[in-house]
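**Student:** How does the following fold in three dimensions:
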Amino acid sequence: MKKKAFKAALPHTLPICIGFLFLGMSYGFLMRSKGFSFVYPMLMSLFIFAGSMEFVTVNLLLSAFNPLYAFFLALMVNARHLFYGISMLEKYKNTGWKKIYLIFGMCDESFSINCTVTPPKDIDKGWFMFFVTLLNQIYWVTGATLGALLGYVIHFDTTGIEFIMTALFVVMFINQWEEHKEHGPALIGLGCSLVCLLLFGADRFILPAMALIILCFTFNGSKLRKETEK
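**Tutor:** Numbers count the residues shown, from 1 in each chain. Here you go, the predicted model:
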(Lines give C-alpha, C1' and ligand atoms only; values in the text may rest on other atoms or scores of the structure.)
Protein backbone atom coordinates (compact mmCIF):
# COMPACT_ATOMS: atom_id res chain seq x y z
CA MET A 1 0.00 0.00 0.00
CA LYS A 2 2.75 2.44 0.95
CA LYS A 3 4.88 1.50 -2.05
CA LYS A 4 2.01 2.03 -4.48
CA ALA A 5 1.18 5.39 -2.88
CA PHE A 6 4.83 6.45 -3.17
CA LYS A 7 4.96 5.48 -6.85
CA ALA A 8 1.73 7.39 -7.51
CA ALA A 9 2.94 10.51 -5.68
CA LEU A 10 6.46 10.69 -7.12
CA PRO A 11 5.61 11.77 -10.72
CA HIS A 12 3.47 14.65 -9.45
CA THR A 13 6.36 16.01 -7.37
CA LEU A 14 9.16 15.76 -9.95
CA PRO A 15 8.48 19.21 -11.52
CA ILE A 16 8.52 20.67 -8.00
CA CYS A 17 11.80 18.85 -7.32
CA ILE A 18 13.58 20.92 -9.98
CA GLY A 19 12.17 24.19 -8.67
CA PHE A 20 12.76 23.37 -5.01
CA LEU A 21 16.36 22.29 -5.57
CA PHE A 22 17.10 25.55 -7.34
CA LEU A 23 15.22 27.71 -4.82
CA GLY A 24 16.66 25.80 -1.88
CA MET A 25 20.17 26.22 -3.21
CA SER A 26 19.56 29.95 -3.58
CA TYR A 27 18.46 30.07 0.04
CA GLY A 28 21.50 28.06 1.12
CA PHE A 29 23.82 30.38 -0.79
CA LEU A 30 22.16 33.39 0.83
CA MET A 31 22.56 31.97 4.35
CA ARG A 32 26.20 31.11 3.70
CA SER A 33 26.89 34.59 2.29
CA LYS A 34 25.61 36.05 5.56
CA GLY A 35 28.12 33.98 7.51
CA PHE A 36 25.91 31.11 8.70
CA SER A 37 27.06 27.51 8.83
CA PHE A 38 25.35 24.98 6.52
CA VAL A 39 23.68 23.57 9.65
CA TYR A 40 21.39 26.63 9.88
CA PRO A 41 19.67 26.33 6.47
CA MET A 42 19.55 22.55 6.85
CA LEU A 43 17.74 22.66 10.21
CA MET A 44 15.60 25.69 9.32
CA SER A 45 14.35 24.05 6.14
CA LEU A 46 13.68 20.91 8.15
CA PHE A 47 11.79 22.49 11.07
CA ILE A 48 10.39 25.75 9.63
CA PHE A 49 9.75 24.54 6.06
CA ALA A 50 8.23 27.80 4.85
CA GLY A 51 10.29 29.06 1.94
CA SER A 52 9.36 32.74 1.99
CA MET A 53 9.58 32.89 5.79
CA GLU A 54 12.99 31.23 5.73
CA PHE A 55 14.28 33.97 3.43
CA VAL A 56 12.82 36.58 5.80
CA THR A 57 14.34 34.81 8.81
CA VAL A 58 17.83 35.55 7.50
CA ASN A 59 17.37 39.24 8.38
CA LEU A 60 15.59 38.37 11.65
CA LEU A 61 18.62 36.40 12.80
CA LEU A 62 20.89 39.34 12.01
CA SER A 63 18.74 41.99 13.70
CA ALA A 64 17.80 42.73 17.33
CA PHE A 65 15.80 40.00 19.09
CA ASN A 66 12.09 40.87 18.89
CA PRO A 67 9.86 37.77 19.26
CA LEU A 68 6.58 39.70 18.97
CA TYR A 69 7.64 41.29 15.69
CA ALA A 70 8.84 37.90 14.42
CA PHE A 71 5.49 36.30 15.34
CA PHE A 72 3.36 38.86 13.50
CA LEU A 73 5.73 38.90 10.54
CA ALA A 74 5.48 35.11 10.25
CA LEU A 75 1.70 35.37 10.54
CA MET A 76 1.50 37.92 7.70
CA VAL A 77 3.95 36.12 5.43
CA ASN A 78 2.17 32.77 5.84
CA ALA A 79 -1.40 34.00 6.34
CA ARG A 80 -2.49 32.20 3.17
CA HIS A 81 -1.96 28.87 4.95
CA LEU A 82 -4.92 29.68 7.22
CA PHE A 83 -7.15 29.51 4.17
CA TYR A 84 -5.31 26.51 2.74
CA GLY A 85 -5.95 24.68 6.02
CA ILE A 86 -9.67 25.45 6.04
CA SER A 87 -10.07 24.11 2.51
CA MET A 88 -8.19 20.91 3.39
CA LEU A 89 -10.19 19.95 6.50
CA GLU A 90 -12.29 17.44 4.58
CA LYS A 91 -9.29 16.05 2.66
CA TYR A 92 -7.34 15.36 5.84
CA LYS A 93 -10.13 13.44 7.53
CA ASN A 94 -9.44 9.82 8.49
CA THR A 95 -5.69 10.05 7.77
CA GLY A 96 -4.68 9.04 11.30
CA TRP A 97 -1.29 10.11 12.65
CA LYS A 98 -0.30 11.32 9.17
CA LYS A 99 -2.61 14.29 9.64
CA ILE A 100 -0.11 15.92 12.03
CA TYR A 101 2.67 15.85 9.44
CA LEU A 102 0.33 16.86 6.61
CA ILE A 103 -0.60 19.99 8.55
CA PHE A 104 3.03 20.81 9.39
CA GLY A 105 4.38 20.10 5.91
CA MET A 106 1.70 21.83 3.83
CA CYS A 107 3.33 24.28 1.46
CA ASP A 108 1.93 25.95 -1.68
CA GLU A 109 3.11 23.19 -3.97
CA SER A 110 1.96 20.30 -1.76
CA PHE A 111 -1.38 22.03 -1.31
CA SER A 112 -1.79 22.38 -5.08
CA ILE A 113 -1.19 18.66 -5.67
CA ASN A 114 -3.15 17.31 -2.70
CA CYS A 115 -6.05 19.65 -3.37
CA THR A 116 -6.43 18.94 -7.09
CA VAL A 117 -5.12 15.40 -7.68
CA THR A 118 -7.37 12.45 -6.89
CA PRO A 119 -5.28 9.28 -6.44
CA PRO A 120 -6.46 6.02 -8.05
CA LYS A 121 -9.10 4.10 -6.13
CA ASP A 122 -6.68 1.34 -5.12
CA ILE A 123 -4.31 3.83 -3.43
CA ASP A 124 -4.82 5.16 0.09
CA LYS A 125 -5.28 8.94 -0.15
CA GLY A 126 -3.65 9.49 3.24
CA TRP A 127 -0.41 7.83 2.19
CA PHE A 128 -0.54 9.54 -1.20
CA MET A 129 -0.78 13.00 0.39
CA PHE A 130 1.86 12.02 2.96
CA PHE A 131 4.41 11.09 0.30
CA VAL A 132 3.63 14.20 -1.77
CA THR A 133 4.35 16.33 1.31
CA LEU A 134 7.40 14.34 2.39
CA LEU A 135 9.02 14.30 -1.05
CA ASN A 136 8.56 18.05 -1.45
CA GLN A 137 10.18 18.70 1.92
CA ILE A 138 13.07 16.37 1.07
CA TYR A 139 13.67 18.34 -2.14
CA TRP A 140 13.69 21.62 -0.22
CA VAL A 141 15.98 20.43 2.61
CA THR A 142 18.37 18.87 0.08
CA GLY A 143 18.52 22.05 -2.00
CA ALA A 144 19.07 24.32 1.01
CA THR A 145 21.81 22.11 2.45
CA LEU A 146 23.53 21.64 -0.90
CA GLY A 147 23.45 25.38 -1.60
CA ALA A 148 25.01 26.18 1.77
CA LEU A 149 27.73 23.57 1.26
CA LEU A 150 28.53 24.91 -2.20
CA GLY A 151 28.63 28.38 -0.66
CA TYR A 152 31.88 27.39 1.05
CA VAL A 153 33.65 27.06 -2.30
CA ILE A 154 31.58 29.19 -4.70
CA HIS A 155 31.34 32.94 -4.05
CA PHE A 156 29.22 35.46 -5.97
CA ASP A 157 27.13 38.59 -5.35
CA THR A 158 23.81 37.49 -3.78
CA THR A 159 22.17 40.92 -3.97
CA GLY A 160 18.50 40.52 -4.95
CA ILE A 161 18.45 36.74 -4.55
CA GLU A 162 15.50 37.11 -2.14
CA PHE A 163 13.35 38.05 -5.16
CA ILE A 164 13.43 34.43 -6.30
CA MET A 165 10.37 33.61 -4.16
CA THR A 166 8.40 36.44 -5.78
CA ALA A 167 9.44 35.15 -9.19
CA LEU A 168 8.20 31.66 -8.25
CA PHE A 169 4.74 32.94 -7.30
CA VAL A 170 4.53 34.99 -10.51
CA VAL A 171 5.32 31.89 -12.59
CA MET A 172 2.73 29.85 -10.66
CA PHE A 173 0.13 32.56 -11.25
CA ILE A 174 0.87 32.67 -15.00
CA ASN A 175 0.66 28.88 -15.18
CA GLN A 176 -2.73 28.84 -13.44
CA TRP A 177 -3.94 31.67 -15.70
CA GLU A 178 -3.02 29.71 -18.83
CA GLU A 179 -4.54 26.43 -17.61
CA HIS A 180 -7.97 27.85 -16.66
CA LYS A 181 -10.36 29.70 -18.94
CA GLU A 182 -12.18 31.37 -16.03
CA HIS A 183 -10.02 34.28 -14.85
CA GLY A 184 -12.53 35.81 -12.43
CA PRO A 185 -10.92 34.51 -9.21
CA ALA A 186 -7.46 35.61 -10.37
CA LEU A 187 -8.71 39.10 -11.20
CA ILE A 188 -10.47 39.33 -7.83
CA GLY A 189 -7.25 38.38 -6.10
CA LEU A 190 -5.24 40.95 -8.05
CA GLY A 191 -7.82 43.67 -7.51
CA CYS A 192 -8.15 43.09 -3.76
CA SER A 193 -4.37 42.95 -3.34
CA LEU A 194 -3.89 46.18 -5.28
CA VAL A 195 -6.55 48.03 -3.27
CA CYS A 196 -5.09 46.88 0.05
CA LEU A 197 -1.57 47.68 -1.13
CA LEU A 198 -2.62 51.27 -1.85
CA LEU A 199 -4.54 51.58 1.43
CA PHE A 200 -2.21 49.84 3.89
CA GLY A 201 1.21 49.93 2.25
CA ALA A 202 3.62 47.17 1.24
CA ASP A 203 4.38 46.08 4.82
CA ARG A 204 0.80 45.59 6.04
CA PHE A 205 -1.41 44.73 3.08
CA ILE A 206 -1.27 40.89 3.13
CA LEU A 207 -3.79 40.11 5.89
CA PRO A 208 -6.37 42.74 4.77
CA ALA A 209 -6.00 41.50 1.20
CA MET A 210 -6.62 37.89 2.26
CA ALA A 211 -9.68 38.90 4.27
CA LEU A 212 -11.07 40.96 1.39
CA ILE A 213 -10.51 38.13 -1.09
CA ILE A 214 -12.38 35.70 1.16
CA LEU A 215 -15.27 38.16 1.53
CA CYS A 216 -15.45 38.62 -2.24
CA PHE A 217 -15.43 34.86 -2.87
CA THR A 218 -18.05 34.31 -0.17
CA PHE A 219 -20.32 36.99 -1.61
CA ASN A 220 -19.79 35.73 -5.15
CA GLY A 221 -20.51 32.12 -4.09
CA SER A 222 -23.74 33.16 -2.33
CA LYS A 223 -24.80 35.08 -5.40
CA LEU A 224 -24.18 32.10 -7.66
CA ARG A 225 -26.13 29.77 -5.36
CA LYS A 226 -29.14 32.14 -5.39
CA GLU A 227 -29.03 32.34 -9.18
CA THR A 228 -28.86 28.54 -9.40
CA GLU A 229 -31.86 28.13 -7.07
CA LYS A 230 -33.92 30.44 -9.30
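**Student:** which helix of this structure spans the most residues?
**Tutor:** helix 2-33 (DSSP state H).
**Student:** Any buried residues in that helix, and which?
**Tutor:** Buried positions in helix 2-33, judged by neighbour count with 16 or more other Cβ atoms under 10 Å: 5-6, 8-9, 12-13, 16-17, 19-21, 23-33. All C-beta atoms are positioned from the backbone trio N, CA, C, and that covers glycine.
**Student:** Kindly report the domain assignment for this protein.
**Tutor:** What automatic domain parsing lists as the domains of the chain is 2-159, 180-230.
**Student:** which residues does T13 contact?
**Tutor:** 113, 132, 135-136, 139 (Cβ atoms under 8 Å, 6 or more residues apart in numbering).
**Student:** try 7 Å this time
**Tutor:** Counting by Cβ atoms under 7 Å, 6 or more residues apart in numbering, T13 touches 132, 135-136.
**Student:** Now it. Nearest residue, chain neighbours left out?
**Tutor:** L135 (4.4 Å; Cβ to Cβ, 6 or more residues apart in numbering).
**Student:** does the one you found sit in a helix, a strand or a coil?
**Tutor:** Secondary structure for L135, judged by DSSP: H, G, I helix; E, B strand; the rest coil, is helix.
**Student:** Then A202?
**Tutor:** coil.
**Student:** V117 and H12 touch, don't they?
**Tutor:** Yes. Shown here, V117 and H12 form a contact pair, counting by Cβ atoms under 7 Å, at 5.9 Å.
**Student:** shaky segments in the chain?
**Tutor:** For the chain, the stretches flagged by pLDDT under 70 are 156, 158-165, 168-169, 172, 176, 221-230.
**Student:** mind listing the helices for it?
**Tutor:** Using DSSP H, helices in the chain cover 2-33, 39-47, 51-62, 67-77, 80-87, 98-104, 108-116, 125-150, 164-179, 184-200, 206-229.
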